[in-house]
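Q: Take a look and give me a structure for this.
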Amino acid sequence: MMVRRNCLCLLVLLTCIGLWLAGKTIAQVAQDDDIADVPSELAFAECDKHKRYYLIGAGEQISAPKEGFGLVIVLPGGDGGARFASFVKRIYKYSLSKEYLVAQLVAVKWMPRQKVVWPTEKVKVDNQEFSTEEFVEAVVEDIKAKYKINEQRIFALSWDSSGPAGYAVSLQKEKSVTGSYIAMSEFKPEELEPLEQAAGHCYFIDHSPDDKVSPFEKAKQAFRTLREYGAQTEMVAYKGGHGWKGAVYIRIGKGIRWLEFATDKQSQEKKSVQTQQKPSN
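A: A predicted model of the protein is given here:
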């Protein structure tokens, strides 16, 4: 009896250690019951061990919509690590329709004391092998090789530490992402590509006036400046300060639907211009 009890205690201890290494408590695991049905698989873009991401929502029983799946690329804030998987699965389940796939990228630690979580083309760190912009494009191409994707609805979701990279991704001259949801983040135009490249891009900016970490004025500056350069911009304010507060999944869902509306509008306007420019016979 004593041996059995000791074995049971050892098993519990090992389980707790495993959960601790995964960044979860037993209570958190129990709370994940609501997303047990959300499919998720670990993948590596370009077979590169550093280009690690979780593809969420894909499964053998899911068939692509006529126009293809929408795709939300998530760059987690904080340390950008895999520990955000439960949160991102809930975004998929509670904020999006089943016509979407989600790719949660995992930030790379290029050096032990790395201050920039998501290095970019303009803001680099030592030993960096690729930028966040390149990482995003590699993941999009990897998913497009496996699933039919609606190229009009490829959105990037970033917040906190990943926000600056979210802006950088949106300002590439050639990019797959058509809309950006950026929350609780600073806007640093001096660290970005020319803002003229924002023309035609769609931005949904989500920020709290009570934010003491990322000033609200920076978000307002992004809203105004990007619009001046020809972007479609929308901004919402929430109460509670820095972090995901309040009805988070409802708000994210509304933001994605706004991006859908804005990108549809951009597409229609582009087609209208092309029709007007087409020479008559």
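
Q: pretty sure residue 96 contacts residue 255?
A: No. In this structure, residue 96 is not within contact of residue 255 by CB atoms under 8 Å, at 10.8 Å. All C-beta spots, glycine's among them, are computed from the backbone N, C-alpha and C.

Q: Would you map the helices across the stretch 101-250 of the chain?
A: 132-144, 163-170, 216-228, 248-277 (DSSP state H, counting those that start in this stretch).

Q: List the buried residues for the biggest strand by length in the chain?
A: Looking across the chain with DSSP state E, the single longest strand is strand 149-159. The neighbour-count check on strand 149-159 (16 or more other CB atoms under 10 Å) flags 149-150, 153-159 as buried.

Q: just stretch 203-215 next, same as before
A: By neighbour count with 16+ other CB under 10 Å, stretch 203-215 contains the buried residues 203-208, 211, 214.

Q: now what about that stretch, what contacts it?
A: 159-160, 163, 170, 179-186, 216, 219, 222-223, 226, 231-242, 245, 251, 255-256, 258-259, 262 (CB atoms under 8 Å, 6 or more residues apart in numbering).

Q: Quick one, which of the residues you listed are buried?
A: Buried by 16+ other CB under 10 Å: 159-160, 163, 170, 179-186, 219, 222-223, 226, 231-235, 238, 242, 251, 255-256, 258-259, 262, out of the contacts of stretch 203-215.

Q: what about the stretch 51-200 of the chain, any weak spots by pLDDT?
A: For the stretch 51-200 of the chain, applying pLDDT under 70 flags the ranges 60-61.

Q: Would you mind putting the CA coordinates of stretch 106-116 into PDB?
A: The C-alpha trace of stretch 106-116 is given here as PDB (Å, rounded to 0.1, in the frame of the first residue of the first chain):
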ATOM      1  CA  VAL A 106       6.300  31.500 -31.900                       C
ATOM      2  CA  ALA A 107       8.900  34.200 -31.400                       C
ATOM      3  CA  VAL A 108      12.500  33.200 -31.800                       C
ATOM      4  CA  LYS A 109      15.100  33.800 -29.000                       C
ATOM      5  CA  TRP A 110      18.200  34.700 -31.000                       C
ATOM      6  CA  MET A 111      20.100  35.600 -27.900                       C
ATOM      7  CA  PRO A 112      19.800  35.100 -24.100                       C
ATOM      8  CA  ARG A 113      19.000  38.700 -23.200                       C
ATOM      9  CA  GLN A 114      16.900  39.700 -26.200                       C
ATOM     10  CA  LYS A 115      15.000  42.900 -25.600                       C
ATOM     11  CA  VAL A 116      13.100  43.000 -28.900                       C
END
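
Q: How far does that stretch sit from its chain's centre?
A: Centroid displacement of stretch 106-116 relative to its chain, using CA atoms, centre = their mean, to the nearest Å, is 18 Å.

Q: same check, this time on stretch 210-223
A: Chain-centre distance of stretch 210-223: 19 Å, with CA atoms, centre = their mean.

Q: can you check stretch 257-272 too?
A: Distance, centroid of stretch 257-272 to centroid of chain: 20 Å (CA atoms, centre = their mean).

Q: buried stuff in that stretch?
A: Buried residues in stretch 257-272 (16+ other CB under 10 Å): 258-260, 262-263, 266.

Q: In JSON lines, list those along with distance to residue 87.
A: Shown next, in JSON lines, are the buried residues of stretch 257-272 (distance: CB to CB, whole Å):
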{"residue": "258", "distance to residue 87": "21"}
{"residue": "259", "distance to residue 87": "19"}
{"residue": "260", "distance to residue 87": "22"}
{"residue": "262", "distance to residue 87": "25"}
{"residue": "263", "distance to residue 87": "25"}
{"residue": "266", "distance to residue 87": "29"}
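
Q: quick one: which of those residues is nearest residue 194?
A: Of all those, residue 194 sits closest to residue 266, with 19.6 Å by CB to CB.

Q: ok, now which ones touch the residue lying closest to the closest one once chain neighbours are set aside?
A: Once flanking residues are discounted, residue 266 sits nearest to residue 200: 5.9 Å by CB to CB, 6 or more residues apart in numbering. Residues near residue 200 by CB under 8 Å, 6+ apart: 230-232, 266, 270.

Q: ok, now with 10 Å
A: 178, 229-232, 263, 266, 269-270 (CB atoms under 10 Å, 6 or more residues apart in numbering).

Q: Alright, I will stop here.
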